[in-house]
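Trainee: quick one: sequence plus predicted model below, questions after.
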2 protein chains.
Amino acid sequence: MANIHQVAKQAGVSIATVSRVLNNTSKVSEKTRHKVEKAIRELNYAPSMLGRNLRNSESRLLLVLIHTFSNPYYTEIINGIEDYAIENNYNILLCETDDNLQREDIFLHMVRNKLADGIISMNPTVHVDKLKELSESHSIVLCSDYYEDANIPYIAIDNTEAAYRAVKYLITMGNKKIGLINFNENLLYAKQRRIGFEKALNEFQLPICDEWIHYTDGLSFQDGVEAMRRMLRSKNRPTAVFIISDTLAIGAIKELHAQGIKVPQEMAIIGFDNIAFSSMTTPALTTVSQPKYQMGYRSAKMVIDRIQGLPVENVIMDYELIIRESTLG
Amino acid sequence: MANIHQVAKQAGVSIATVSRVLNNTSKVSEKTRHKVEKAIRELNYAPSMLGRNLRNSESRLLLVLIHTFSNPYYTEIINGIEDYAIENNYNILLCETDDNLQREDIFLHMVRNKLADGIISMNPTVHVDKLKELSESHSIVLCSDYYEDANIPYIAIDNTEAAYRAVKYLITMGNKKIGLINFNENLLYAKQRRIGFEKALNEFQLPICDEWIHYTDGLSFQDGVEAMRRMLRSKNRPTAVFIISDTLAIGAIKELHAQGIKVPQEMAIIGFDNIAFSSMTTPALTTVSQPKYQMGYRSAKMVIDRIQGLPVENVIMDYELIIRESTLG
DNA sequence: GTGAAAGCGCTAACAC
DNA sequence: GTGTTAGCGCTTTCAC
């Protein structure tokens, strides 16, 4: 493929002029512009980003760190990130870390190697100290999961409040025995949602019963099945359960079906995240919806602002309670 | 951040030697190697991929073209692509085209601009002529959806045969009235699956009834709901339906639930793709499974082989019928 | 085993 | 309005 020299030669101008035409960066006479454009067409020339990026010392690539592609929670966030990125001439590199610290290291190195200009991390298992250190010299933001004292800009919802609202809704529907299926509390959001859960029960002086609280090791459908199975071993059962993620909740409902327990008549279920499939299940799932697209869009803006040296502030977004069949008798 | 010159200076060697240490490319004495490594550590140096890529005139980036992230069919394919890519020091750029030709153009240009070394296209709506032309000078392969006469290497399953097998299974289960929900036949696989469907019915001399064949405009859950709703308007109903994609099938089942029709007792349903959620629905979905991870892994190998100038051949993979509750009385 | 130097393709400062 | 030139950070050929 042709390079800028050949275009310059063909058009009878200097390479500087070709560059000016390409980038519209300073005045070029109509006549020379036409000559250059003609040469570009004739040679089927496309400028090399390799040269441009080296010269500008930027890659215009953003890293998006996630735990796994297959978690549908991320898809809409990624759409938001991508839209803002493309609007601003950036591309995104989706990085799946799979709980693998070595793999995570590869990705974090990419920003040191100038292969990426910034990072949006949605990866709860990330090595916090490394990220913190990297954040001092590079542009990093956290999306939807964050660390309280890390001094890395983040965008998230108020998880405590959202969980509180969800459980309060279950209470106002007449439930007095309310359970919780939660994930590993190493994750800030899991801890916060448990606190919100307890806050609501305390406010209405309802019991917080250990038999009704179960933790999972993962966030998969199967983890939800198993957690509900454990909960159902007890004779004393809650009439409603708050489940920290939709995928877990869908698994829990599957197990309730299997055991012939009617949802919501015998047990109401409320999830969290409003993933696409939560409206497709039978019964459709009541859930807490985060403004996922917006969170992605704004986190992309945050990281690009940081790259350009602009000041960036933490953002707390609004959430919404989506009421569907799994809580409506 | 330090560059190779500063490391060379600090170590008291030439930049050539630093490069040799970095790339292990020719013999360097133990002593100088140590000096260089020490300097690298002291300066916290990381080589710039920008310089390396320009020099080597490669980006080590692969484009993966998909229609939309939110189609869960792709997630496992992408995992396969990513694994092979990372093993071979490539990264992948996921490109969502969203039926937007302009956006597609941006992505196709990236390979001309040297920002990507190759393309794996899984995008059925792609502008075939452009892709064909690009494929003459660049490394492109097609995964799971392909064009018969395009002369672009592809990897896929035998859709006709797979559909035939699925429908034959419905017949052996005793169904004599079998319907089809299909997608736009501009897509080769949609056409092929319809042909397989008809082949099975013809073989057993069963009727192909227009009332039982419905087409959708999209591949979403809601499209499935609506297609089934249309099918149920007719008094004369099939006892089993072959649906071309799991997401559509899950929508169809939702509508059957809503109308109080029991699956599989009153109507058996078989889907296609074996997406993760197809095992989570109630009833769990019988479906045709493609070896998605392997298809991704091998398509990555194909495109990297092409980049390196190796010969590449089309691949037809095996499929599998996964029998679950939606066809088992 | 090591160094000097050319050059990958581009942008931008400077000169005219 | 246009051309000359330096240089972004690296790899590799050619000497020695």
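Mentor: Cool, got the structure. Keep in mind that this is a model prediction, so the values were computed, not measured.

Trainee: check the offset of stretch A:256-276 from the chain's centre.
Mentor: The chain centroid and the centroid of stretch A:256-276 are separated by 25 Å under CA atoms, centre = their mean, to the nearest Å.

Trainee: would you mind measuring the gap between the ends of it?
Mentor: Using CA to CA, to the nearest Å, the end-to-end distance of stretch A:256-276 comes out at 21 Å.

Trainee: list the buried ones in it?
Mentor: A:256-257, A:263-264, A:267-276 (16 or more other CB atoms under 10 Å in any protein chain shown). Using the backbone N, CA and C atoms, a C-beta is placed for each residue, glycine as well.

Trainee: let me see the mean pLDDT of it.
Mentor: In this model, stretch A:256-276 has an average pLDDT of 96.

Trainee: and that stretch, is it in reach of chain B?
Mentor: Yes - interface with chain B: stretch A:256-276 contributes A:257, A:276 (CB under 8 Å from any CB of the partner chain).

Trainee: among the buried residues of stretch A:256-276, which pair sits farthest apart?
Mentor: Maximum pairwise distance among the buried residues of stretch A:256-276 (CB to CB): 23.9 Å, between A:267 and A:276.

Trainee: show me how far stretch A:29-44 is from its chain's centre.
Mentor: Mean-position distance between stretch A:29-44 and its chain equals 44 Å (CA atoms, centre = their mean).

Trainee: what does that stretch contact?
Mentor: A:1-2, A:6-8, A:10-13, A:17-18, A:21, A:28, A:45 (CB atoms under 8 Å, 6 or more residues apart in numbering or on different chains).

Trainee: tell me the pLDDT of residue A:145.
Mentor: With respect to pLDDT, residue A:145 scores 88.

Trainee: could you look up the SS state of it?
Mentor: coil (DSSP: H, G, I helix; E, B strand; the rest coil).

Trainee: identify the residues contacting it.
Mentor: A:122, A:123, A:124, A:156, A:187, A:188, A:189.

Trainee: do residue A:299 as well
Mentor: With CB under 8 Å, 6+ apart, residue A:299 has these contacts: A:77, A:80, A:81, A:120, A:141, A:142, A:143, A:155.

Trainee: could you pull out the strands for the stretch 201-329 of chain A?
Mentor: Counting by DSSP state E, counting those that start in this stretch, the stretch 201-329 of chain A has strands at residues A:213-216, A:240-243, A:268-272, A:286-289, A:315-317, A:320-322.

Trainee: wait, which of these is closest to residue A:300?
Mentor: Residue A:300 lies closest to strand A:315-317 among the strands of the stretch 201-329 of chain A, at 12.2 Å (CB to CB).

Trainee: buried ones in the closest one?
Mentor: Buried-residue list, strand A:315-317, by 16+ other CB under 10 Å: residue A:315.

Trainee: same question, stretch A:173-184
Mentor: For stretch A:173-184, the neighbour count (16+ other CB under 10 Å) marks A:173, A:175, A:177, A:178, A:179, A:180, A:181, A:182, A:183 as buried.

Trainee: quick check, pLDDT for the last one.
Mentor: Residue A:183 carries a pLDDT value of 95.

Trainee: same thing with the fifth one?
Mentor: Listed pLDDT for residue A:179 reads 98.

Trainee: coming back round to it: quick one: which of the buried residues of stretch A:173-184 sit in helices?
Mentor: Among the buried residues of stretch A:173-184, none falls in helices (DSSP state H).

Trainee: out of the contacts of residue A:299, which sit inside strands?
Mentor: In strands, defined here by DSSP state E, the members of the contacts of residue A:299 are A:120, A:141, A:142, A:143, A:155.

Trainee: surely the fourth one is in contact with residue A:156?
Mentor: Yes - contact status for residue A:143 versus residue A:156: in contact at 7.5 Å, counting by CB atoms under 8 Å.

Trainee: which neighbours do these two share?
Mentor: Joint contacts of residue A:143 and residue A:156 (CB under 8 Å, 6+ apart) are residue A:295.

Trainee: which one's more surrounded, those two?
Mentor: residue A:143 (30 against 20; other CB atoms under 10 Å in any protein chain shown).

Trainee: so which residues on the stretch 1-150 of chain A come close to DNA strand C?
Mentor: Within the stretch 1-150 of chain A, the positions near DNA strand C by CB under 7 Å from any atom of the strand are A:3-5, A:15-16, A:19, A:22-23, A:25, A:47-48, A:50-52, A:54-56.

Trainee: again, 10 Å this time
Mentor: Residues of the stretch 1-150 of chain A found near DNA strand C, taking CB under 10 Å from any atom of the strand as the criterion, are A:1-8, A:14-23, A:25-26, A:45-57.

Trainee: so, in contact with chain B or not, stretch A:85-104?
Mentor: Yes - Stretch A:85-104 is in contact with chain B by CB under 8 Å from any CB, via A:86, A:91, A:92, A:93, A:94, A:96, A:103.

Trainee: mind checking which of the residues you listed are buried?
Mentor: For the residues of stretch A:85-104 next to chain B, buried by 16+ other CB under 10 Å: A:86, A:91, A:92, A:93, A:94, A:96.

Trainee: for the closest residue to residue A:286 other than its chain neighbours, what are its contacts?
Mentor: Beyond its immediate neighbours in the sequence, the residue positioned closest to residue A:286 (CB to CB, 6 or more residues apart in numbering or on different chains) is residue A:327, lying 4.1 Å away. Residues in contact with residue A:327 (CB under 8 Å, 6+ apart) are A:169, A:170, A:173, A:240, A:264, A:268, A:269, A:270, A:286.

Trainee: and which of those residues is nearest to DNA strand D?
Mentor: DNA strand D lies nearest to residue A:270 out of the contacts of residue A:327, by CB to the nearest atom of the strand, at 52.3 Å.

Trainee: and that closest one, what does it touch?
Mentor: Residue A:270 makes contacts with A:166, A:169-170, A:240-243, A:249, A:285-288, A:326-327, as judged by CB under 8 Å, 6+ apart.
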